[in-house]
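need a 3D model of the following:
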Amino acid sequence: MNFDSVLPALITAAKNAGSKIMEVHTRGASAQHKADGSPVTEADQAAEAIIIPVLQSLDPEIPIISEENSASHKVKPSTLFWLVDPLDGTKEFLKTDSQGAFTVNIALIRHSMPVLGVVYAPALNRLFFGHSETAYTIDSGGERKISVRETPNTGPVAVASVSHRDNDTNAWLSARNIKQTRAIGSSLKFCLLAAGEADVYPRFGPTMEWDTAAGDAILRAAGGTVKTTKGSHYLYGKPEYKNTAFIACGGYHE
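Sure, this is the predicted structure:
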């Protein structure tokens, strides 16, 4: 697959899904709860209905694992597959003070590695994408290339979850004397690292692969890394597509 040739379709799909999400957000959304207790809204389902046909049109042979399609969670990972979260950060989406911390995530996994990612934050009108060691953002200032930064002399800035920060995260930060933190929801945490706006993202709480793959792909394309807590490469296609703990880094090194 030629990544540059499919990117326009992916970006358009993400933006169209984002427009539908904002339409629901503007009039007010209510949530139902799935079997695992996580919330789902009309916006999640409407966004998925926009994205999936686009991916199928690009190559109908590539499996699509999407958060809102529970049947897809039972599909055995293949050499090449899509991971989609039509609305990442549903809890933030439902808050009146979410500060726009919800995203549309589309990622392509090849040989267990995230090789292409698109993340769109519709409330912020900011889009990120990356592949093949090149990453970009598009916002009100136009399109520009992004890359991770070296850790500032003033010390690293960590990003952490708004809704899911836990004691393990606090302990990890304290052990490394990291005092500056920025709380934000969804896959935007990866994107801030990729754009050189923060330095490290430790995550010990539960996540699913569709939550992280797109942001992970963008971060890696921007020069960052994502590893297990033992320092090995972070891979996708794990059992039930459930993530384990990870440490995402921009230019930060322990």
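
what about the lengthiest helix in the chain, distance to the chain center?
Assignment by DSSP state H gives helix 3-27 as the longest helix of the chain. Mean C-alpha position of helix 3-27 versus that of the full chain (CA atoms, centre = their mean, to the nearest Å) differs by 14 Å.

likewise stretch 146-158?
The answer for stretch 146-158 is 20 Å, by CA atoms, centre = their mean.

just the buried residues of the longest helix of the chain, please?
6-7, 10-11, 13-18, 20-22, 24-25 (16 or more other CB atoms under 10 Å). To be clear about C-beta, it is placed using only N, CA and C from the backbone, and glycine gets the same treatment.

what of stretch 53-71?
Under 16+ other CB under 10 Å, the buried positions of stretch 53-71 are 54-55, 58, 62, 64-68.

what's the answer for stretch 197-207, then?
Neighbour counts over stretch 197-207 (16+ other CB under 10 Å) mark 197-204, 207 as buried.

which secondary element of this structure has the worst mean pLDDT?
strand 31-33 (a mean of 62; mean pLDDT, DSSP states H and E).

can you get me the start-to-end distance on stretch 119-129?
6 Å (CA to CA, to the nearest Å).

what does it contact?
7, 10-11, 14-15, 17-19, 21-22, 25, 98, 100-106, 117-118, 135-140, 146, 186-188, 190-191, 194-195, 214-215, 218 (CB atoms under 8 Å, 6 or more residues apart in numbering).

just checking, what packs against the one helix or strand residue 47 maps to?
Per DSSP states H and E: residue 47 is located in helix 42-58. Using 3 or more CB pairs under 8 Å, 6 or more residues apart in numbering; DSSP states H and E, the elements in contact with helix 42-58 are helix 3-27, strand 64-66, strand 80-88, strand 103-110.

Serialize the ones you listed to TSV and add fields for mean pLDDT and distance to residue 232.
TSV is the format used below for the helices and strands packed on helix 42-58 (pLDDT from 0 to 100; distance: least, CB to CB, whole Å):
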stretch	mean pLDDT	distance to residue 232
helix 3-27	94	26
strand 64-66	98	23
strand 80-88	97	20
strand 103-110	98	17
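
per-residue pLDDT, residue 89?
Listed pLDDT for residue 89 reads 86.

that one touches residue 102, doesn't it?
Yes: with contact defined as CB atoms under 8 Å, residue 89 counts as touching residue 102 (3.6 Å).

residues that sit against both of these two, list them.
Common neighbours of residue 89 and residue 102 (CB under 8 Å, 6+ apart) are 185-186.

comparing these two, which residue is more hemmed in?
Between residue 89 and residue 102, counting by other CB atoms under 10 Å, residue 102 is the more crowded of the two (29 against 25).

that one touches residue 90, doesn't it?
Yes: the pair residue 102 and residue 90 passes the contact test of CB under 8 Å, sitting 7.1 Å apart.

can you give me how far the helix or strand encompassing residue 189 is from the chain middle?
Of the helices and strands defined by DSSP H and E, residue 189 is found in helix 188-194. Its chain's C-alpha centre and that of helix 188-194 lie 8 Å apart, by CA atoms, centre = their mean.

which residues touch it?
89, 101, 103, 119, 121, 128, 130, 135, 137, 146-148, 159-161, 182, 184, 198-201, 212, 214-216, 218-219, 221-222, 224, 248-250.

in helices only, show me those residues.
212, 214-216, 218-219, 221.

as JSON lines, these with distance to residue 50 would be great.
JSON lines is the format used below for these (distance: CB to CB, whole Å):
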{"residue": "212", "distance to residue 50": "21"}
{"residue": "214", "distance to residue 50": "16"}
{"residue": "215", "distance to residue 50": "20"}
{"residue": "216", "distance to residue 50": "23"}
{"residue": "218", "distance to residue 50": "21"}
{"residue": "219", "distance to residue 50": "25"}
{"residue": "221", "distance to residue 50": "24"}
